[in-house]
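Student: please find the sequence and the predicted model below.
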Amino acid sequence: MSLQYPLLFPWGEDGFRIDILHSGISEKSGNKRDVVTIREYYCYRLQYRDAEGHTLIGGGRLFLQFVVDAWACIEHTRLTWVLTHQTILRSDLYNNVVDSVNKGDTNASTIGKRIVLPSSFTGSPRYMQQNYQDCMAICRKFGSPDLFITFTCNPQWPEIKEYCDKVPHCIPADRPDVMARVFKIKLELLLEDLTDNHVLGKVIGVAYTIEFQKRGLPHAHIIVWLEESDKCHSTDDIDQLICAEIPDKESDEIGYDAVSRHMIHGPCGAYNIEFVVPYNRGLLVKYQAHINIEWCNQGRLIKYMFKYVNKGPDRATVVVETANAVVTNDTKQIVNVNEVEEYVSCRYLSSAEACWRIFEFPIHHHKPVVIKLVFHLENEQQVYFREDETLTTVVDRIDPNATMFIQWFRVNREDPAARDLTFVEFPEKYFWDNTGKIWQRRKKKMCVIGRMVYVHPTAGMYIYCNVKMIIFNHVCYL
């Protein structure tokens, strides 16, 4: 970075390298990882310290470009790992591996499928789809959500201005790092008010996502499920929580000032009630920020709302190129799709998002926990193996019965109480021991929701089994 930003690093200070040790760690320590990652390095550089110079964080718009480049380097490192490790870890259905061995194929590189950009990569299409399915699972458990809240960062918060004043000629727009950290604290306080203090009623489920629209401020979309006794059953109940009027300036000067500053949207000119965004006075006055609250307990809004929350950032790309196609033995043409390249080509990075991701703050969150359940037909369980393994070794190493689905049948055989639960309900009473590959009964009562993996409606037998696992409990077992 020193050569790219000579104004920020006039002395050519050393940047990141792969052999930087953690503080207090010797080279001979037995820790699994002793060195600093590139994300940890840039996270360290973005901190304010009284004893250090402030050339970097006081760089204004140049600092904004710096944090964007820093996160681009971090993300590039992670994407490079995904690209270079696709051929190392491969997966296929168990019966396909067995069939290949029976046919005499012993080279693992000739079979299997490549996972290009997995759901574990934050922001990938699979990641967004997984979060959407988790929200739908919560909705299946608790019904339609009740409230949709949009909480936007206020750059004029005193905490932000306090840190900006420590650096000469610094304005809030120049410190996306401070805005990200303060907004994270405020968001946690808001969630505490919603889930623990029950300011809008007793909350039984919540999900939120963080968005950054182009150069806009960070904001959170929060979906809330309320206890049945606290749901809004009439317009009077809604009016108790939500207001869309301008308070009287004489009788409620604080409320009038807060609404005028944060909750008026519309063209320039005189304010009137038509331009007021729905809000809750208590939350608005406390947080002094844009907090839009909408009642949303309607079945026709469910899918739209969850897809809106998990849509990801704005992106669009148009490319005209020669298709990189592969012709198979049955003369069918298959076009290779590079999901990593598509992700990089469509992304839009802002300084606010870069700082949020460098600090490793969560982009999505939902409560209660959703457990993804995998089912399969006989001998079609997913197996993982390295490309350099012989298939005979793979078959000998893997226990085909060590899956959630098969072990569920085993518990049904041994525990009569388990037979009253469907496969989807099973995680509410049992937890999956990933080490022993068995289901064990929960000792403490926890609110956990199970969901089936997504199956496309055209998948034939799989979609029928998917529906069966959701609706029916099974007394017939292995």
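Tutor: Arrived safely, thanks for sending. Numbers count the residues shown, from 1 in each chain.

Student: going by residue numbers, what spans are helices in the stretch 301-450 of the chain?
Tutor: Along the stretch 301-450 of the chain, the segments classed as helices by DSSP state H, counting those that start in this stretch run 302-309, 339-346, 351-358, 391-397, 404-414.

Student: nearest to Gln288, out of the ones you listed?
Tutor: helix 351-358 (19.2 Å; CB to CB). Bear in mind the C-beta positions are built from the backbone N, C-alpha and C, glycine included.

Student: so what touches that closest one?
Tutor: 39, 42-43, 46, 64-65, 67-68, 70-72, 74-75, 122, 176-177, 179-180, 184, 210, 212, 215-218, 313, 363 (CB atoms under 8 Å, 6 or more residues apart in numbering).

Student: ditto for stretch 281-299
Tutor: Contacts with stretch 281-299, where a contact means CB under 8 Å, 6+ apart, come from 144-154, 157, 186, 189-190, 193, 199-200, 219, 223, 231-232, 238, 241-243, 247, 254-255, 258-259, 261-263, 277-280, 305.

Student: picking that back up, among the helices of the stretch 301-450 of the chain, which is nearest Phe431?
Tutor: Nearest to Phe431, of those and by CB to CB, is helix 404-414 at 10.9 Å.

Student: and that closest one, how far out from the chain middle?
Tutor: Here the centre of helix 404-414 is set off from its chain's centre by 31 Å, with CA atoms, centre = their mean, to the nearest Å.

Student: and that helix, what does it pack against?
Tutor: Other elements packing on helix 404-414 under the criterion 3 or more CB pairs under 8 Å, 6 or more residues apart in numbering; DSSP states H and E are strand 438-441.

Student: and the strand it packs on, which strands flank it?
Tutor: strand 430-433 (antiparallel) (DSSP bridges).

Student: setting aside sequence neighbours, what's the nearest residue to Trp71?
Tutor: Ala354 (3.7 Å; CB to CB, 6 or more residues apart in numbering).

Student: and His54, by the same measure?
Tutor: Nearest non-adjacent residue to His54, counting by CB to CB, 6+ apart: Val167, 5.1 Å away.

Student: mean confidence score for the strand or helix carrying Phe148?
Tutor: Secondary-structure assignment from DSSP states H and E places Phe148 in strand 147-152. In this model, strand 147-152 has an average pLDDT of 93.

Student: list the buried ones in that strand?
Tutor: Leu147, Phe148, Ile149, Phe151, Thr152 (16 or more other CB atoms under 10 Å).

Student: check the offset of that strand from the chain's centre.
Tutor: Here strand 147-152 is found 17 Å from its chain centre; the criterion is CA atoms, centre = their mean.

Student: could you point out which element follows it?
Tutor: With elements assigned by DSSP H and E, the helix or strand that comes after strand 147-152 is helix 158-164.

Student: got the CA positions of that following helix in PDB?
Tutor: Below are the C-alpha coordinates for helix 158-164, written out as PDB (Å, rounded to 0.1, in the frame of the first residue of the first chain):
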ATOM      1  CA  PRO A 158     -22.400  12.700  19.400                       C
ATOM      2  CA  GLU A 159     -20.200   9.600  19.700                       C
ATOM      3  CA  ILE A 160     -19.200  10.000  16.000                       C
ATOM      4  CA  LYS A 161     -18.600  13.700  16.200                       C
ATOM      5  CA  GLU A 162     -16.500  13.200  19.300                       C
ATOM      6  CA  TYR A 163     -14.000  11.000  17.500                       C
ATOM      7  CA  CYS A 164     -14.100  13.200  14.400                       C
END
